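S.K.: Structural data only, the sequence is not supplied:
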């Protein structure tokens, strides 16, 4: 079972971003309270319909989905059928009848209402274990810190990107904007894919929408940093980890 490590408490590993989806406002609040009491989780949002959740999942990076099954117009299971790459999912429902279908969707856990915090924490730890293992596997496949370049697909061609020339990467909906010394590229990708592709020794996530090259940081002030002529916001969950990285330069 996963535990909260000193590194997690220190902010070196950002909390897992959670979306709570339930058509019952009281149930939403109960889950949000559980999330708030779990140090390695952070509520990224909540909504009362699977339709609204689908749009949030399309436009935001969510690590964990706490999902009710029975909702009007589109059920929680219907939502899962529409997701090609779903996050970790914990189903929360008042009926045991969906357990078999939950197994088919390979959800992390299946919780019955009324929800208790100990049972919620057990599910949260399962999710943390799964995501930790997944990220460790991804880290093993990352380019080494000695890698000097990669290729990205721009329109119909592959373009070389020299890591030393990259200032920062900004999320633009379903695309990312790679800003370099002498050029800019708009690439169909996710920020998570960029994190996997760019060497971790040089690049760091500072905000949900920004990855920066620490070699080009000119100043750090309050909750923003300066690269070239661009002030880039720093998300609160990333601030301490970034400060420690910069102190090592």
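M.R.: Looks like it arrived, so ask away. Just so it is clear, the model here is predicted, and its values are computed rather than measured.
S.K.: Show me the shaky parts of this protein.
M.R.: Along the chain, segments meeting pLDDT under 70 span 1-13, 137-146, 244, 247-249.
S.K.: Now do the domain split for the chain, please.
M.R.: Domain assignment for the chain by automatic domain parsing gives 6-140, 149-247.
S.K.: Please enumerate residues in contact with stretch 206-213?
M.R.: With C-beta atoms under 8 Å, 6 or more residues apart in numbering as the test, stretch 206-213 has contacts from 60-61, 163, 166-171, 191, 194-195, 198, 202-205, 225, 227, 232-235, 238, 242. Using the backbone N, CA and C atoms, a C-beta is placed for each residue, glycine as well.
S.K.: mind running it again at 7 Å?
M.R.: 61, 166-171, 191, 194-195, 198, 202-205, 225, 227, 232-235, 238, 242 (C-beta atoms under 7 Å, 6 or more residues apart in numbering).
S.K.: do the same with stretch 33-44
M.R.: 4, 8-9, 15-20, 32, 60, 62, 64, 115, 117, 120-121, 124, 128, 237.
S.K.: Tell me the spacing between the residue of the chain most remote from its centre and residue 77.
M.R.: Ranked by distance from the centre of the chain (C-alpha atoms, centre = their mean), the top residue is residue 97, with 30.6 Å. Going from residue 97 to residue 77 by C-beta to C-beta, to the nearest Å gives 11 Å.
S.K.: ditto for residue 157
M.R.: Distance, residue 157 to residue 77, using C-beta to C-beta: 41 Å.
S.K.: quick one, which of the two is more surrounded?
M.R.: Shown here are residue 157 and residue 77; by other C-beta atoms under 10 Å, residue 77 has more neighbours (20 against 8).
S.K.: so when I look at that one, I'm seeing a strand, right?
M.R.: No - counting by DSSP: H, G, I helix; E, B strand; the rest coil, residue 77 falls outside a strand, being helix.
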